[in-house]
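In: predicted model follows, preceded by the sequence.
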Amino acid sequence: MDFKDLELIAPLLKALQSQGYTQPTPVQQKAIPVVLKNKDLLACAQTGTGKTAAFALPILQLLIQQKEAGNLSKGVKALILTPTRELAIQIEQSFSDYGAHSGLKHLAVYGGVSQYHQVRKLQQGIDILIATPGRLLDLIMQRHVSLQQIKTFVLDEADRMLDMGFITDVKKIVAKLPAQRQTLFFSATMPPEIVRLSQGMLNNPVKIEVTPVSSTAETIEQAVYFVEKADKRALLIHLLKTHEIDSALVFTETKFGADKLCHALKRENINVQVIHGDKSQAERQKALNNFKNKTIKVLVATDIAARGIDIESLSHVINYELPNVPETYVHRIGRTGRAGASGKAISFCGMEEKMLLREINKLIAKSIPVAQNHPYQMADANLTLPTQPPMHFRSLGGGGRRSKAFMQR
């Protein structure tokens, strides 16, 4: 199937051709016809499957057709709500690429930067608004944004919204939307809380699922290294210096841990930078750009980067520390192996993390292969994983509960 088979109009096909896109992904094949028919959509698809184009292309088409018919009203017509600044920037770039010949105006608004330039652009008139919840609510309270003309609302990365504690803000925003609207609901996983949220927002939605919930891409080669906590840094340096690693996104659990690891790698003359919640938007964007253009080899990050980072040919994702929430593992390693490309995901597991590994194996319905005979092998690496979680892990299940470690990101 080609994009032209989805009944997309000429301006969009021209933009897609200039971007080198010819064949739609499964989620695009299923979602685009639904959105073009103005139906609500509930979509479950893992990261890296092309979800942005699945909603951006039909939204652009509907607005272009309204414009050509002289029915395009003033004000924001489409709102895309997304959890992170990085993802907001990425989505806006997609609208810019796909809508290059549309004549429509779009804007991303997010915190961490002055709102001055965002407000000025809003005052000039915007058709499509991409926003993070906090900044959007601020702008609404200051009466810089009105949602009364919204025709299409997209909630992107809904489960991530839950994990990051944004659901209350999301509900406040939804309450300000017109009752008569089209709603598109995208989530990589569907825990019970997300299902309940979708039921309150959607009207007789079409449901699509392109991969099993919480599955990992088959193109990603996974491995777990059993290693004592004290040896993790030495093992990471060993791998970076002795293995063919073109680029590595390394995840830590806390901002302090990320900074500490970054400094240690720099002392080993490894080109590395760090991004986390304490970094300004300018600092984060600079580090991300340096990583994309290969100026640096390693980017150390907390889970603020687990979604919204789209890097072509990212060779490795390394879980320096396993996440407390099993679903986060899927999101992290989904930064590699995107759009059918191959990639490798390496996870370090200490004695105290074995229960987290067990929960991850359970979630993805397979056991991650164990790397053998590395120089920092844990003495009891072959110890059978426990069958019942200790009490302090039982409260960490999926579905949006946040640990102390998360609050430090």
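Out: The structure has been received and is ready for your questions.
In: burial of V195, as a residue count?
Out: 12 (other Cβ atoms under 10 Å). C-beta: built from backbone N, CA, C; applies to glycine.
In: pLDDT at it, what is it?
Out: Listed pLDDT for V195 reads 91.
In: figure out the helix or strand that it lives in.
Out: helix 192-201 (DSSP states H and E).
In: buried ones in that helix?
Out: Using 16 or more other Cβ atoms under 10 Å as the test for burial, helix 192-201 gives E193, I194, L197, S198, M201.
In: just for the protein, where's the confidence low?
Out: 46-48, 211-215, 304-309, 339-340, 380-409 (pLDDT under 70).
In: so which elements touch the biggest helix by length in it?
Out: In the chain, with assignment by DSSP state H, the single longest helix is helix 51-68. Applying 3 or more Cβ pairs under 8 Å, 6 or more residues apart in numbering; DSSP states H and E, one finds that helix 51-68 contacts helix 10-19, helix 26-36, strand 41-44, strand 78-81, helix 85-98, strand 128-131, strand 152-155, strand 182-187.
In: can you tell me which of these is nearest to L235?
Out: helix 85-98 (28.0 Å; Cβ to Cβ).
In: ok, and what's touching the next helix or strand after that closest one?
Out: The helix or strand immediately downstream of helix 85-98 is strand 106-109, counting by DSSP H and E. If you take Cβ atoms under 8 Å, 6 or more residues apart in numbering as the criterion, strand 106-109 is touched by 88-89, 91-92, 95-96, 99, 115, 118, 121-122, 126-132, 135-136, 139, 145.
In: can I get the CA coordinates of strand 106-109 in CSV?
Out: Presented in CSV, the C-alpha positions along strand 106-109 are these (Å, rounded to 0.1, in the frame of the first residue of the first chain):
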residue,chain,number,x,y,z
HIS,A,106,1.0,25.7,13.8
LEU,A,107,2.7,26.3,17.1
ALA,A,108,4.2,24.3,20.0
VAL,A,109,3.8,25.7,23.5
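In: residues of it that come out buried?
Out: Residues H106, L107, A108, V109 are the ones in strand 106-109 that count as buried (16+ other Cβ under 10 Å).
In: ditto for stretch 92-107
Out: Buried residues in stretch 92-107 (16+ other Cβ under 10 Å): E92, S94, F95, D97, Y98, G99, A100, H101, S102, L104, H106, L107.
In: which residues sit in contact with the third one?
Out: For F95, the contacting residues are A56, L60, H106, I128, I130, by Cβ under 8 Å, 6+ apart.
In: would you mind measuring from H144 to V119?
Out: H144 sits 5 Å away from V119, taking Cβ to Cβ, to the nearest Å as the criterion.
In: same check, this time on L249
Out: 34 Å.
In: related to what we said a few turns ago, quick one, the longest helix of the chain and helix 10-19 angle?
Out: Helix 51-68 and helix 10-19 are oriented at 140 degrees to each other (axes from the mean of the first three to the mean of the last three Cα atoms, to 10 degrees).
In: contact partners of helix 51-68?
Out: Residues outside helix 51-68 that contact it (Cβ under 8 Å, 6+ apart): 8-9, 11-12, 16, 21, 24-25, 27-28, 30-32, 35-36, 38, 41, 43, 45, 72, 77-78, 80, 90-91, 94-95, 98-99, 102-104, 127-128, 151-152, 154, 156, 184, 186.
In: got a list of what L6 touches?
Out: Counted by Cβ under 8 Å, 6+ apart, L6 has contacts P24, Q28, Q29, I32, P33.
In: distance to T336 added to the buried residues of stretch 92-107, as CSV?
Out: Compiled in CSV, the buried residues of stretch 92-107 are given as follows (distance: Cβ to Cβ, whole Å):
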residue, distance to T336
E92, 23
S94, 20
F95, 25
D97, 22
Y98, 24
G99, 28
A100, 28
H101, 32
S102, 32
L104, 33
H106, 28
L107, 30
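In: what's the closest of these to N361?
Out: For the buried residues of stretch 92-107, the closest approach to N361 (Cβ to Cβ) belongs to S94, at 33.9 Å.
In: circling back: which of L249 and V119 has more residues huddled nearby?
Out: L249 (25 against 15).
In: that's a helix at that one, yeah?
Out: No. Counting by DSSP: H, G, I helix; E, B strand; the rest coil, L249 is not found in a helix; it is strand.
In: please name the residues that touch it.
Out: 291, 298-299, 301, 305, 309, 311, 314, 316-318, 335-336.
In: distance of it from L322?
Out: 15 Å.
In: cool, and E7?
Out: Taking Cβ to Cβ, one finds E7 at 45 Å from L322.
In: between these two, tell me which one has more neighbours.
Out: Neighbours were counted for E7 and for L322 using other Cβ under 10 Å; L322 has more, 24 against 11.
In: looks to me like the more buried one is in a strand.
Out: No. Read with three-state DSSP, L322 is coil and lies in no strand.
In: measure it to G103 for me?
Out: 48 Å.
In: same deal with Y21?
Out: Y21 is 21 Å from G103, by Cβ to Cβ.
In: show me what counts as buried in the longest helix of the chain.
Out: 51-64.
In: same check on stretch 371-380?
Out: A371, H374, Y376, Q377, M378.
In: what's next to that stretch, contact-wise?
Out: With contacts defined as Cβ under 8 Å, 6+ apart, stretch 371-380 is touched by 223-228, 231, 234-235, 238, 346, 350-351.
In: how many other residues sit next to the residue nearest to D310 when sequence neighbours are not counted?
Out: Counting by Cβ to Cβ, 6 or more residues apart in numbering, D310 lies nearest to Q90, which is 5.5 Å off, once chain neighbours are set aside. Other residues lying near Q90 total 19 when counted by other Cβ under 10 Å.
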